Structure formats: structure tokens, C-alpha cells
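Enquirer: need the 3D shape of this:
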Amino acid sequence: MGAAVLPVLKSISRSMIHACRSLMDRLGRPPAVIWVPATLVAAALALPPVYLLLRAAGSGADAWEILFRVRILQILIRTFLLVGAVTLTSVLLAVPLAWLTVRTDLPLRRVWAVATALPLVIPSYVGGLIVVAALGPRGMLQQLLDNLWGLDRLPDIYGFPGALLTLTLLSYPYVLLTVRAALLRMDPALEEVSRGLGRSSLTTFFRVILPLLRPSIAAGSLLVALYTLSDFGAVSLLRYETFTWAIFLQYDSALDRTLAASMSLVLVAIALGIVAAEALTRGRARYFRSDPGASGTGGRVRLGRWRLPALAFCLTVTVISLALPVSILGYWVVRGLAAGEQLPSLWILTRNSLLVSTLAAGVAVAAAVPIASLSVRYPSFFSTLIERTAYVGFALPGIAIALALVFFGANYAPPLYQTLALLILAYMVLFLSPAVGAARTSLLQVNPKIEDAARSLGRTPPGVLASITVPLVKPGLMAGAALVFLLTMKELPATLILSPIGFNTLATSIWSAASEAFFARAAAPALLLIAVSSIPLAVLMLRERR
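Expert: Numbers count the residues shown, from 1 in each chain. All right, here's what the predicted structure looks like:
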């Protein structure tokens, strides 16, 4: 199979370049500083799907017949149900939180902004373990209620309810961060005019703000849907069978992985369908201001009698999604230390995690800028295809992407095999979509006439990109970088497979200890992962102009 891969890749590359040039000639040629790096990034993103396609093609008709069995259809329905429920619940949580922490006089806004975003750093396998330990039929809550009122068993948390709760609490920050970035870029004069015409704050929100937030809500919802689609840790611990879990089981138990590759291709098709649905939701409306205006929040909405309910809402979300998991992890550490258990040395693990996460965030943002610019400023079939390709990796299981890159690295780039460069490439493929979504949402709010004016004054395309476009979309880029950083900190399958020999991170340490039932050893690096990841996120939000 390896001999057949290189001609296929060369053919794909030639086709992409030819299509790009022909479309540029018809629709207006974007500068090389945009389309060349965007095309190169798209070629890198195509590696895993090409590998899966070639692997599945070698399986013959048998693997494809299995995909059409009733059992597979049932798993797909369960997967779609979970994806839809988690996405809707996340939007219902995140949009009010973003509005409260940006546009209102809510006390301690910056504290709530950071606290409500921090659940993003908790790995899904840790979140699932905590939900089982706390809310399981014989969990910590049941033991407390048994001591107080003699309650001997709680309702079963396993299955759909537990998976919905866990994934919602871990993924709603995707919508929160993208919506906050959009609110910070929105012209406050729009709201002031609406309120000046006699409309209430609530009417202004639904008639003015919410329509302008549609791209950011769609972008955040897309990330939530793809994250839920690709999750394995939470659904496996909570025993809710999804398509990703079936793929992992096939990879783990079968000697022949062609069926798993075929199932992964179905997951790619589902991801592309979700991306297409997001594009329809996004629409073709314009979201930039007609003049440069001023970003910020203007006059804040006074909550008045709604201040206490708003505080209660923020406190409840924070306690359930952050304080409870941290408390349980702390309890395990204290109990382990009291029992004389030895904790791992955390300095090297922290250094390695920070190194790869920072590099991945920088590479992802650098790759996202040309893709977002090409998609927004030069819309065409080719630019749309490149943008959609950026979301495929986020929906695939990390193990599928890691195995694809192992194959290509071992066969076609031996110097990259088992190096940090290949690991960073895997992170870029996995997590480019958050950076692209955040960059695209911010770029939609920038009037293209500003860039046109800079070019008319003699600025070169690279100069316009560096001095005009990037500074104007900086809030979105920073939000995207924060998302990639946090996701990389907790990524597990790709890190386990692609890390250089002896290169361990906090995530791999957590998994190793948890798999051996050493909860105190797992809890200590998990707490440190949350603490370390919270620093850049807190700095980012505290420096926001509000």
C-alpha cells in the first residue's frame, strides 16, 4: 500500500494547485502570501483522510457491507442524538454567560469569565471519571446522602444522561470563547441606538446582538459538535456507545484495522455534513461595520433585580463544572498522601506539556490566518474546500490521525519520525479548526475597505496582512490560540503514539496512573494541568478591553 500512496498524494497536490490557479484567474487572484500557505496547510490536513481511504480500499467489499448493518445504524443514531443534545445545551449555557461577562454590570465579571472557561482544560476521561466517582449509584454523593438520610442508591448516571452532563460541562467553553470574542469586536453604538429608540435591553439582545452573534455561535457550536463526535474518554467511562467508541474498540481489538479505517471515513463524512450545516446556519450576511467605529462594550446593561439570579447562574455553572472536579481531585491527592502514596515528579512533565502546547498554538494560529483570509476575502469553491478540510481532523479520533502520521513519517519522512515536529504536526491537524473558526469569526467583523485603503496607499499584501488584518483580528486569534493551547495540554492518544521516546507530558502521566487505579497519582498531575492551563487563559481575559 505504501508504494501507491506517493502517486496519489502527488496527483492530489497537482489537482489542488491547478484548481487554485484557475479559480484565482476567474475570481480575482489572492496574494501568494495567502493562497500558498493555505494550500500547503490543506495538503498536510489531507494526509489522514488519504491514509484512511487507502487503508479502507484494501479491505474489499466485506468491510463496507458491515457498515450498513442495523447495529452500525443504531450507533450512528445514538451518536447524532448525543451530538445534538450537547451542542444545544452548550449554546444555552454559553451565550448568556458571554453576554453577562461582557455587556452587563455583573460583579466580578473577569473572575466569572475565567472561571466559566476553565472547564475546557479538563480532559474528558478525567471528567468522566469524576462524574462516575461523584454521581454514580454508589458514588461520593450517595455515600453522603446515605450517612445523612439513609439513601442507599442514586439513579443510574451511566448512559446518555452522564455522557450529556459530562460533555456539556467540558465543551460549552468553545461557544463561550468564540461568542466573547465577537462581543468584544462588536460596535457598541448599535446597542446604544437600539436602546435610544426605546427598546429594552432584552429586546435589544434578541433583535440586535443575537443576529450579529450568529457566526460566532455557529463556529462555537461546530467545535462542540465535532468535539462530541470525536470523544472517547467520557463516553467509554459512562458506557454510552458512540461511533468513536466503536472505532477505538476496533483499533484496539482487531489485528486488521481496515474496518476501523472504513468507520473512520464514515466519521469524516459525518464531520463534513456537520460543517456544511454550520455553513448554512452562518449564511452570507455581512457582519462588519460600515465604518471603523470603536470596539468595546459602551454603556453596560444594568441588571438591577436580575443581578442575584445572574450571580447564582454563574456560580452554579462554575461549581458544577470546575469547583466540584477540582475538589474531588484534591480529595484524592490528600487521601493518597495520607496513605503514604508516592506522587510523581511533575516538573519535567509540566515543562514538556508547556513546550508542545505553546508550539502547537503558535503553529495553528499561523496556519489559520491564511485559511481564514482566503475563505472570507476570496470566497470560492476552492477556498471553501480548504476551510472545510480544516475541520475534518477535529472530528477524527486522535488515534486515527496518529496512526496516519506514523505511516507517512515512517515511509516518506523518516527524519521526522518520533520527533517533536511530527507531534506538533499532529496537534495542528487535530486542533486547527478552533483557530480557523475564531480567526474567521473575527475577520467577518472587519470591513474589507480598510484593507483596500491600505493597499491603495502602497502597502504590499504581506504588509497589509501583518499591519492591518492581524491586529484587527487579534482578539479572535488570541482566543483561537488559547483554545489550541488548552486542547493540546490534555490531548492523549496522539501524544502517546507520536511522542519521542522518553517524552512524557501531564496528560500521559494522568492516563498511566489512572489506568493502574492510582487515583492520587493521577489527581496530582490533573490538578497541575488545570492550574498551568488556567494561567494563559486568565492573562488573555484579564487583558481584554472591556
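Enquirer: do you know how far Leu226 is from Leu167?
Expert: Distance, Leu226 to Leu167, by Cβ to Cβ, to the nearest Å: 12 Å. Using the backbone N, CA and C atoms, a C-beta is placed for each residue, glycine as well.
Enquirer: give me the common contacts of those two.
Expert: Common neighbours of Leu226 and Leu167 are not found (criterion: Cβ atoms under 8 Å, 6 or more residues apart in numbering).
Enquirer: wait, what's in contact with Pro434?
Expert: Contacts for Pro434 (Cβ under 8 Å, 6+ apart) come out as 174, 223, 364, 394, 480, 483-484, 487.
Enquirer: helix, strand or coil for it?
Expert: Counting by DSSP: H, G, I helix; E, B strand; the rest coil, the backbone at Pro434 sits in helix.
Enquirer: so how far is Gly220 from it?
Expert: Taken as Cβ to Cβ, the span from Pro434 to Gly220 is 9 Å.
Enquirer: how about the contacts made by the residue lying closest to Asn504 once chain neighbours are set aside?
Expert: The shortest distance from Asn504 to any residue other than its chain neighbours is 5.9 Å, reached at Leu349 (Cβ to Cβ, 6 or more residues apart in numbering). By Cβ under 8 Å, 6+ apart, the contact list for Leu349 reads 504-506, 509, 525, 528.
Enquirer: okay, these in CSV with distance to Pro37 and neighbour count next?
Expert: As requested, the contacts of Leu349 are exported to CSV (distance: Cβ to Cβ, whole Å; neighbours: other Cβ atoms under 10 Å):
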residue, distance to Pro37, neighbour count
Asn504, 32, 17
Thr505, 28, 29
Leu506, 31, 28
Ser509, 35, 25
Pro525, 36, 29
Leu528, 35, 19
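Enquirer: let me see the contact set for the residue nearest to Leu324 when sequence neighbours are not counted.
Expert: Spatially, and ignoring its direct neighbours in sequence, Leu324 is nearest to Ala134 (6.6 Å; Cβ to Cβ, 6+ apart). Ala134 makes contact with 140-141, 324, 328, according to Cβ under 8 Å, 6+ apart.
Enquirer: what about Ala134, which helix or strand?
Expert: helix 124-135 (DSSP states H and E).
Enquirer: how about Leu170: what's its closest non-neighbour residue?
Expert: Gly127 (5.1 Å).
Enquirer: ok, back up a step: quick check: the farthest pair among the contacts of Pro434?
Expert: Taking Cβ to Cβ, the two most distant members of the contacts of Pro434 are Tyr174 and Ala364; they sit 14.7 Å apart.
Enquirer: after the helix of greatest length in the chain, which helix or strand is next?
Expert: Among the segments of the chain that qualify as a helix by DSSP state H, the longest is helix 70-103. Downstream of helix 70-103, the next assigned helix or strand under DSSP H and E is helix 109-117.
Enquirer: surely the residue nearest to Leu170 meets Ala234?
Expert: Yes - using Cβ atoms under 8 Å, Gly127 is in contact with Ala234, at 5.9 Å.
Enquirer: between these two, who's got more neighbours?
Expert: Taking neighbours as other Cβ atoms under 10 Å, Gly127 and Ala234 compare with Ala234 leading, 30 against 25.
Enquirer: ok, back up a step: dump the C-alpha coordinates for the helix holding Ala134 into PDB.
Expert: Output in PDB follows, covering the C-alpha atoms of helix 124-135 (Å, rounded to 0.1, in the frame of the first residue of the first chain):
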ATOM      1  CA  SER A 124     -12.800  14.100  29.000                       C
ATOM      2  CA  TYR A 125     -11.500  10.900  30.600                       C
ATOM      3  CA  VAL A 126     -10.900  12.800  33.800                       C
ATOM      4  CA  GLY A 127     -14.300  14.400  33.700                       C
ATOM      5  CA  GLY A 128     -16.000  11.100  33.100                       C
ATOM      6  CA  LEU A 129     -14.100   9.500  36.000                       C
ATOM      7  CA  ILE A 130     -15.100  12.400  38.300                       C
ATOM      8  CA  VAL A 131     -18.800  12.100  37.300                       C
ATOM      9  CA  VAL A 132     -18.800   8.400  38.000                       C
ATOM     10  CA  ALA A 133     -17.000   8.900  41.300                       C
ATOM     11  CA  ALA A 134     -19.200  11.700  42.400                       C
ATOM     12  CA  LEU A 135     -22.700  10.900  41.000                       C
END
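Enquirer: beyond that helix, next helix or strand please.
Expert: helix 140-149.
Enquirer: the inter-axis angle of the next helix-or-strand element following that following helix versus helix 124-135?
Expert: Downstream of helix 140-149, the first helix or strand assigned by DSSP H and E is helix 160-185. Interaxial angle of helix 160-185 relative to helix 124-135 (axes from the mean of the first three to the mean of the last three Cα atoms, to 10 degrees): 120 degrees.
Enquirer: buried ones in helix 160-185?
Expert: Neighbour counts over helix 160-185 (16 or more other Cβ atoms under 10 Å) mark 162-185 as buried.
Enquirer: cool, and stretch 85-98?
Expert: For stretch 85-98, burial by neighbour count (16+ other Cβ under 10 Å) applies to 85-87, 89-91, 93-98.
Enquirer: nearest to Ala276, of those residues?
Expert: Out of the buried residues of stretch 85-98, the member with the shortest distance to Ala276 (by Cβ to Cβ) is Thr87, at 15.0 Å.
Enquirer: quick check: the closest one touching Thr228?
Expert: Yes - the pair Thr87 and Thr228 qualifies as a contact (Cβ under 8 Å) at a distance of 7.0 Å.
Enquirer: report the inter-axis angle for the helix holding Ala134 versus helix 140-149.
Expert: Using the same axes, to 10 degrees: helix 124-135 against helix 140-149 is 10 degrees.
Enquirer: pLDDT of helix 124-135, averaged?
Expert: Mean pLDDT, computed over helix 124-135, is 82.
Enquirer: same check on stretch 493-505?
Expert: Average pLDDT, stretch 493-505: 85.
Enquirer: quick one: that stretch to chain centroid distance?
Expert: The chain centre lies 21 Å from the centre of stretch 493-505; the measure is Cα atoms, centre = their mean, to the nearest Å.
Enquirer: buried residues, it. List them.
Expert: Burial within stretch 493-505, assessed by neighbour count using 16+ other Cβ under 10 Å, is assigned to 493-499, 503-505.
Enquirer: nearest to Leu444 among those residues?
Expert: Set against Leu444, the nearest of the buried residues of stretch 493-505 by Cβ to Cβ is Ala494 (30.6 Å).
Enquirer: can you give the contact residues for the strand or helix carrying that closest one?
Expert: Assigned by DSSP H and E, Ala494 belongs to helix 493-498. Identification of contacts with helix 493-498 by Cβ under 8 Å, 6+ apart yields 232, 356, 397-399, 401-403, 405-406, 418, 422-423, 426-427, 430, 505, 507-508, 511.
Enquirer: change it to 10 Å
Expert: 232-233, 248, 251, 352-353, 356, 397-403, 405-406, 409, 416-420, 422-427, 429-431, 488, 503-508, 511-512 (Cβ atoms under 10 Å, 6 or more residues apart in numbering).
Enquirer: the following helix or strand past that helix vs helix 124-135, what angle?
Expert: Where DSSP H and E defines the elements, the next helix or strand beyond helix 493-498 is helix 506-515. With the same axes, to 10 degrees defining the directions, helix 506-515 sits at 40 degrees from helix 124-135.
Enquirer: please save the CA atoms from helix 506-515 in CSV.
Expert: Provided in CSV are the C-alpha atoms of helix 506-515 (Å, rounded to 0.1, in the frame of the first residue of the first chain):
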residue,chain,number,x,y,z
LEU,A,506,1.0,15.7,32.2
ALA,A,507,-1.7,14.0,30.1
THR,A,508,0.2,10.8,29.6
SER,A,509,1.1,10.8,33.3
ILE,A,510,-2.6,11.1,34.2
TRP,A,511,-3.6,8.3,31.9
SER,A,512,-0.8,5.9,33.1
ALA,A,513,-1.7,6.4,36.7
ALA,A,514,-5.4,6.2,36.2
SER,A,515,-5.1,3.0,34.1
